[in-house]
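# take a look and give me a structure for this.
(chains A and B)
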Amino acid sequence: MSASILVFLPLLHGCGTEPGPVSATDPGRGGTAVIGVRQDVDTFNLYATTSAFTQQIADLLFLRLAREQPDSRDHPPTFSPEFAESWDFSEDGLSITFHLRKDVKWSDGTPTTAGDVLYSWEISKDPEVAWINADVKEHIEAVEVLDDFTIRFHFRLNYPYQLMDANDGNIYPRHVLEKIPVGQWRSTDWSRILFYNGPFLLEEWKSQDSINLVRNPDFFEPGAPGLDRVVFRIIPDPTSLLSQLRSGEIDIMEDLPPRDLAAIRRERNLQVIEYPDRYFQYICWNMANPLFQKPEIRRALSMGINMEKILDALLYGTAVPASSPIISFFYEHDDSLKPIPYRPEETRRVLARNGWADTDGDGWLDREGETFSFELETNAGNQVREDAAIMIQAQLAELGIQVRPRVIEFTVFQQKHMDGDFDSFIAAWKVSTKVDYLKPLFHSDSPVNYPSYRNPHLDDLIGKAPTLPDPADALPLWQEAQRILYRDQPYTLMYERQAVHGVNRRLQGVRMDHLGPYAHLKEWWIPPDKRRF
Amino acid sequence: MLSYGIRRLLAAIPILFVILTLTFFLIHLAPGDPISMFESPDIDPAAREQMRRIYGLDAPLPVQYLRWVRDFFFRGEFGTSFQKHRPVADLLAEAIPNTLLLAGLALLAGFVIGGAIGILSAIRAGSRGEFLLSLATLTLYSLPSFWLALELILVFSLWLGWLPSSHIASVGAAQLGWFPRIIDRVAHLILPALTLGIAPAAMMARYLRSSLIEVIHQDFIRTARAKGIAERLVVLKHALANALLPILTLAGLSIPILINGSLIIEVIFSWPGMGRVIYEAVFARDYPVIIATTFLASCLVILGNLTADLSYALADPRIRLERHGR
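I've put the predicted structure just below:
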């Protein structure tokens, strides 16, 4: 079987029309978009970054072999060509040969070649470089340059994510990166020395202030990008971001606060773009705590929380109750699982059966002189989580369970998870479209297995499923894993969140999806009468 | 006086050493570390450990301390920011001029406005107008600056649309001519400088008022009035010159207020200065940046105090800083 059936034909912009030179006066092109963002990039070298935002910017400046498509519902995501015009799998499925475009140049005029691809692979797995996603390359055995524009990736394993893993990480210019010793990569200002081959070039980076991108006149794709310039303005304060979106100083604000949504929708010059995100919110139960050791008790707690009510009160329709840590629009998601219903009577019964009763009449359940009482931690600065913790406290108090909400500064919050120093907490994961993330989250040996969940059968399932060549064969394993997690409730799944971004209506051609708000930025443009800069 | 200044500067060195050592241990012992920021199921645990080595966090704390003392005090190296992946010295070189511009203007605006209020309320001391003025000043001073900043943005940026609400320049300002560019810069300065200037203004108003009232009741003012000099001249020329003396120290003593204020103001107005650098470094546990900025802030406070003392002595010949008979 060949995995190349998953490759779709490119849907190029302006497909079928005569490719011609791009003119800045073309009404379908041009303009400067100003995007408000809360955080700055830390570097422009993807392989030395620790910031998720840098990855988004790198995708505007540097090509990949292929582009992931937002089509994860019916099969694992497919890819459209980018620097690779096409690719084919070997008979045994253990290697992919990429045929590269010959017309891609770095912004200094030198051609981008297979040598750059090879080099980018080498640094991606170099322990000295310490790229934070280095482990995605674990199944790639070797990379072989066949000629300047043909390159072959050899794998140890035939599995559904070969293309995704080969493609992870952007292609960087070898002739620039080689000049700087790896030991200095994390103290180099790359903005001054890099060359680019993506739709945009970096014009200027003013640390803490703005990232200015300008159209790449030599971009290989005809008619792209649409915009002449993109300015990312760094605005750390969310209230300022919101007021600048409303005043028109910025065109885009990511992640609108849910309670301001109604007001934003009333603004004439703004539109709200929503899409389901790769994001779920959960309560983590620490199984090292005797209170939470039995799956029955954790299920009872899940049933004692009225999630619909919390979503209504706090999220204004921007979230749906979740049933599985595999996102509902992923192919591997088990549709037969429904969110755990609100059944407080069942919670009471289960707790009573386990010997919990209010013997001293203080309103709280107790057993052998001990009250059913625990801390529920959230991080400071996240109002929705803080409010949710208070609502959960009130809901469980009606059942005689004493919840003590606690708000903690973010870094300390994270540290406590890793140290296992908590009773329970509310947090969220933004996950990748590669569902093998279940392994770090729930595998017995994983340092990120915060609930300290131990289940050898689940370990087998989530270890084996990502290594099967055919996604259809892996599907039953993923589904069984989800049913086990549903039954055992190491997490109480709270909700899947919609991404909700505010966008000024002067921007045209805006399309956003779970690949990220700027994944299709090269298609945007601003009509001449609405340009301001 | 010169040797006094030098002596004070030398005495500052051990103070700085103690401050920085305390800071070093406090931030390292505080819960949370720079690596725990990167929490994601996608992150390679091996990369996490390698990062710990790159940052030098794998060594025991006393070893880290000795290394830091060697680099900081003997080589003069601030190190590399964990979070920004750039030399700390570069980060500071970018941020400091912006903060000096903002804080300098805030101090100036504060003193001019506060001075005017102080004079007015001294002349009209005890009147109903003075009571209202004092009440207004006190109210402004008591308002939390972050709240005031947001209200100013609401009124002047969102409702009236007169002033920009953030950053140091407009998008595309680099393409403007020099004059519009200056106008643009001034427009961006008004709201943050006003907000930051309120604390020094209120302080100035209060001190100048009491200082003026004290001077006005002295004999030489009565003499001046007896000579038939106009009341305005008496206050502005004779009294003010003397009342300003104690105010000189205020400029130096305002520096800590301005540093604290800039933390909040720079974040709200997206001003790319020191306050932002400190704010972000603290949340990211960016140890080298926290230490370097603590060092700079301590130096500024020490220098500010010294300037206050010296300028006071310069202005008033009766004050002798050096001990006699040595």
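
# for the stretch 201-350 of chain A, what lies in contact range of chain B?
Within reach of chain B by C-beta under 8 Å from any C-beta of the partner chain, the stretch 201-350 of chain A has these residues: A:206-210, A:231, A:233-237, A:239-240, A:243-244, A:246-247, A:249. In short, each C-beta sits where N, CA and C put it, glycine included.

# try it again at 10 Å.
Taking C-beta under 10 Å from any C-beta of the partner chain as the criterion, the stretch 201-350 of chain A approaches chain B at residues A:203-204, A:206-210, A:212, A:229, A:231, A:233-237, A:239-244, A:246-250, A:325.

# got it, and the stretch 51-200 of chain A?
Residues of the stretch 51-200 of chain A lying near chain B by C-beta under 10 Å from any C-beta: A:51-52, A:54, A:125-138, A:168, A:183-191.

# from what I can see A:V407 touches A:A388, true?
No. Contact between A:V407 and A:A388 fails when scored by C-beta atoms under 10 Å: they sit 11.7 Å apart.

# which parts of the helix or strand of chain A with the lowest mean pLDDT are buried?
The weakest-scoring helix or strand in chain A, judged by mean pLDDT, DSSP states H and E, is helix A:410-419 (a mean of 87). Within helix A:410-419, the residues scored as buried using 16 or more other C-beta atoms under 10 Å in any protein chain shown are A:410-417.

# just these that are near chain B?
When those are checked against chain B using C-beta under 10 Å from any C-beta, the ones in range are A:410-417.

# output stretch A:54-69 as PDB, nothing but the C-alphas.
What follows is stretch A:54-69, C-alpha atoms only, in PDB (Å, rounded to 0.1, in the frame of the first residue of the first chain):
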ATOM      1  CA  THR A  54       8.500  32.100  16.300                       C
ATOM      2  CA  GLN A  55       7.300  29.000  14.500                       C
ATOM      3  CA  GLN A  56       4.400  30.900  13.100                       C
ATOM      4  CA  ILE A  57       6.700  33.700  11.900                       C
ATOM      5  CA  ALA A  58       9.200  31.200  10.500                       C
ATOM      6  CA  ASP A  59       6.400  29.800   8.300                       C
ATOM      7  CA  LEU A  60       6.000  33.200   6.600                       C
ATOM      8  CA  LEU A  61       9.700  33.500   6.000                       C
ATOM      9  CA  PHE A  62      10.900  30.000   5.100                       C
ATOM     10  CA  LEU A  63       9.500  27.300   3.000                       C
ATOM     11  CA  ARG A  64       8.900  23.700   4.000                       C
ATOM     12  CA  LEU A  65       9.000  20.700   1.700                       C
ATOM     13  CA  ALA A  66       5.200  20.600   1.800                       C
ATOM     14  CA  ARG A  67       2.300  22.300   3.500                       C
ATOM     15  CA  GLU A  68      -0.100  20.500   5.900                       C
ATOM     16  CA  GLN A  69      -3.700  20.900   4.800                       C
END
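
# ok so, going back, packing partners for whichever helix or strand comes after the least confident helix or strand of chain A?
Remark: after helix A:410-419, the chain's next helix or strand is strand A:424-430, criterion DSSP states H and E. The helices and strands touching strand A:424-430, judged by 3 or more C-beta pairs under 10 Å, 6 or more residues apart in numbering or on different chains; DSSP states H and E, are strand A:270-285, strand A:373-379, helix A:383-397, strand A:402-408, helix A:410-419, strand A:491-504.

# so what angle separates the directions of the fifth one and strand A:424-430?
So the one you mean is helix A:410-419. Between helix A:410-419 and strand A:424-430, the angle comes out at 100 degrees (axes from the mean of the first three to the mean of the last three C-alpha atoms, to 10 degrees).

# from the contact counts, what lies against helix A:410-419?
Applying 3+ C-beta pairs under 10 Å, 6+ apart, we find helix A:410-419 packed against strand A:373-379, strand A:402-408, strand A:424-430, helix B:274-284.

# low-confidence stretches in chain A?
Where chain A drops to pLDDT under 70, the residues are A:1-28, A:533.

# pull the longest helix from it.
Longest helix in chain A, counting residues (DSSP state H): helix A:471-488.

# now B:L194: which helix or strand?
Taking DSSP H and E as the definition, B:L194 sits inside helix B:178-216.

# right, is that helix up against chain A?
No. Applying C-beta under 10 Å from any C-beta, one finds helix B:178-216 out of contact with chain A, separated by at least 10.9 Å.

# from the middle of its chain, how far away would that helix be?
13 Å (C-alpha atoms, centre = their mean, to the nearest Å).

# which strands and helices sit next to the next helix-or-strand element following that helix?
Using DSSP H and E, the next helix or strand after helix B:178-216 towards the C-terminus is helix B:219-226. If contacts are counted by 3+ C-beta pairs under 10 Å, 6+ apart, helix B:219-226 sits against helix B:178-216, helix B:231-233.

# residue contacts, the spatially closest residue to A:R265 that is not a sequence neighbour?
Using C-beta to C-beta, 6 or more residues apart in numbering or on different chains and skipping residues adjacent in sequence, the residue nearest A:R265 is A:V272, 5.7 Å away. With contact set as C-beta atoms under 10 Å, 6 or more residues apart in numbering or on different chains, A:V272 has these partners: A:256, A:261-262, A:264-265, A:318, A:500-503.

# and the residue of the stretch 201-326 of chain B found nearest chain A, how many residues sit next to it?
Taking C-beta to the nearest C-beta, chain A has its nearest neighbour within the stretch 201-326 of chain B at B:P272, 3.8 Å off. Counted with other C-beta atoms under 10 Å in any protein chain shown, the neighbours of B:P272 add up to 23.

# tell me which helix or strand in chain B has the weakest average pLDDT.
Lowest by mean pLDDT, DSSP H and E among the helices and strands of chain B is helix B:231-233, with a mean of 76.

# now do the shared contacts for A:V407 and A:A388.
Contacts common to A:V407 and A:A388, judged by C-beta under 10 Å, 6+ apart, are A:378, A:382.

# still on that earlier bit, going by distance to chain B, which of the buried residues of helix A:410-419 wins?
Minimum distance to chain B across those is 3.2 Å, recorded for A:T411 (C-beta to the nearest C-beta).

# pretty sure that closest one is touching B:F82, no?
No. At 12.0 Å, A:T411 does not count as touching B:F82 under the criterion of C-beta under 10 Å.

# return the set of residues that bridge with A:I408.
Taking DSSP bridges, one obtains A:N379 as the residues bridged to A:I408.

# spit out the contact partners of it.
A:I408 sits in contact with A:375, A:377-380, A:414-416, A:422, A:425, B:31-32, where contact means C-beta under 10 Å, 6+ apart.

# of the residues you listed, buried ones?
A:375, A:377-379, A:414-416, A:422, A:425, B:31-32.

# how far away is the residue of chain A most remote from its centre from chain B?
Distance from the C-alpha centroid of chain A peaks at A:D360, with 48.3 Å (C-alpha atoms, centre = their mean). A:D360 sits at a distance of 35 Å from chain B (criterion: C-beta to the nearest C-beta, to the nearest Å).

# that residue - that's part of a strand, no?
No. Going by DSSP: H, G, I helix; E, B strand; the rest coil, the assignment for A:D360 is coil, not a strand.

# name the nearest residue to it, sequence neighbours excluded.
Once flanking residues are discounted, A:D360 sits nearest to A:D366: 6.4 Å by C-beta to C-beta, 6+ apart.

# wait, the one you found sits on A:A357?
Yes. Between A:D366 and A:A357 there is a contact at 7.2 Å, judged by C-beta under 10 Å.

# look at the two and report which has more neighbours.
A:D366 (18 against 13).

# name the element the residue of the stretch 1-150 of chain B at minimum distance from chain A belongs to?
Proximity to chain A, evaluated over the stretch 1-150 of chain B using C-beta to the nearest C-beta, is greatest for B:G32 at 3.2 Å. Assignment of secondary structure by DSSP H and E places B:G32 within no helix or strand.

# who are the neighbours in contact with it?
Going by C-beta under 10 Å, 6+ apart, B:G32 touches A:408-416, B:283-285.

# could you find the closest non-adjacent residue to it?
Leaving aside its chain neighbours, B:G32 sits nearest to A:T411 (3.2 Å; criterion: C-beta to C-beta, 6+ apart).
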